[in-house]
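Chemist: Could you work out the structure for the sequence below:
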Amino acid sequence: MAIILEGLTSCPICGSTDLSKPYTATSGAFFDEGDELWPYCDAPLHLECLAHWPHRERFSRGYFDLWRAEAKQGNGVLLAEAHLWLLRCGPAKPEATPYYVVVHLADWPVELYSRWEQWMGYSAHTYREGLAGAALKAADAAMAEVRRLAPDLDALRELRRRVLLTSH
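Modeler: Predicted coordinates:
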């Protein structure tokens, strides 16, 4: 995760060090140093700035594709995906309970992360904390779809069980 120091770390889109406004941050640098998007990696990005940033979708899709590839390579379990989100959990052996559940948004560099046992409250409302504007609308739309698949821990467990059975 990006190292963020209040008053020193700035949003690379607007240059402001004011982190009292809602923001997100990516972890690691997905883009090569020569890519125009490299300076935006591993940095706080105001959600308001992202909403109007012309590179948001390409930037976000880069991380989204990375998260999908990681799950397919065994870093967690890819439980489900749609055009605008993917749902994964991990890490855990098939017989163990996963530690986390995460919903990745495709067009926003946002991870909606929950501890496994806190999924019910998180998926119902807690995921909205720290989000605003268009990013919140995108999260609301994704979570509405995800909740239809995994409304509770029993459904999440069953979804994981089915995915693990078909992957072996």
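Chemist: all strands for the chain, in order.
Modeler: With strands called from DSSP state E, the chain shows them at 23-25, 44-46, 77-82, 85-90, 100-105, 111-115.
Chemist: what residues does the last one touch?
Modeler: If I follow you right, that is strand 111-115. Contact with strand 111-115 is made by 67, 99-105, 122-123, 126-127, 139, 142-143, as judged by C-beta atoms under 8 Å, 6 or more residues apart in numbering. Bear in mind the C-beta positions are built from the backbone N, C-alpha and C, glycine included.
Chemist: which one of these sits closest to Asp152?
Modeler: Ser123 (8.6 Å; C-beta to C-beta).
Chemist: so what's His55 up against?
Modeler: 36-37, 40.
Chemist: Of these - the most surrounded one?
Modeler: Tyr40 (22 neighbours; other C-beta atoms under 10 Å).
Chemist: Who is the residue nearest the centre of the chain paired with across the strands?
Modeler: Note on the chain: the residue nearest the mean C-alpha position is Glu111, at 1.6 Å, using C-alpha atoms, centre = their mean. Note on Glu111: beta-bridge partners by DSSP bridges are His104.
Chemist: And stretch 111-127, how far out from the chain middle?
Modeler: Stretch 111-127 sits 12 Å away from the centroid of its parent chain (C-alpha atoms, centre = their mean, to the nearest Å).
Chemist: tell me which residues of that stretch are tucked away?
Modeler: Residues 111-112, 114, 116, 119, 122-123, 127 are the ones in stretch 111-127 that count as buried (16 or more other C-beta atoms under 10 Å).
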